[in-house]
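> Build me a model from this:
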Amino acid sequence: MSEAIAVTPQTVAKLARGVRLREDPVRGQNVLLAPERALALDEIAVMIVNALDGERSLDAIAEDFSARFEAPKDEILADVIAFVEEFSKRRMLELKS
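Numbers count the residues shown, from 1 in each chain. Coordinates of the predicted model:
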């Protein structure tokens with residue numbers, strides 16, 4: 001079993017190979033599709049997934065969201081890290097630290 005990468009503000013993440021973000025017109029929501037599974041996402045989760053470009057750190061993404069939504073960066077960063085931890089456990093994301 002491979003060791004999990006610790007998710008930190010310097011972590012860079014992107015969708016794992018074979019995982020796609022798609023709109024489900026029947027349900028009227030966005031879905032993260034992976035081989036043999038799908039997860040419905042809320043609006044905030046879609047924004048996070050779209051920001052995970054494999055280039056920017058989670059800290060840079062939180063900085064951007066903080067400026068865009070005039071919200072505390074520390075709170076946003078904690079939420080983004082929690083999201084990335086959960087979705088990487090589900091093998092939906094690839095991480096680099």
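
> Now find how far off-centre stretch 36-43 is within its chain.
Distance, stretch centre to chain centre, for stretch 36-43: 12 Å (CA atoms, centre = their mean, to the nearest Å).

> same thing with stretch 9-22?
Relative to the centre of its chain, stretch 9-22 is centred 6 Å away, using CA atoms, centre = their mean.

> Touching stretch 57-70 from outside, list them.
By CB atoms under 8 Å, 6 or more residues apart in numbering, the residues outside stretch 57-70 that reach it are 7-13, 47-48, 51-52, 56, 71-73, 76-77, 80-81, 84. C-beta: built from backbone N, CA, C; applies to glycine.

> Let's see which of the residues you listed end up in strands.
Per DSSP state E, strands hold the following members of the contacts of stretch 57-70: 12-13, 56.

> Looking at these, state which has the most neighbours.
Highest neighbour count within the ones in strands among the contacts of stretch 57-70: residue 13, with 29 neighbours (other CB atoms under 10 Å).

> check contacts around that one.
Here residue 13 is in contact with 52, 54, 58, 84, 88, 93-96 (criterion: CB under 8 Å, 6+ apart).
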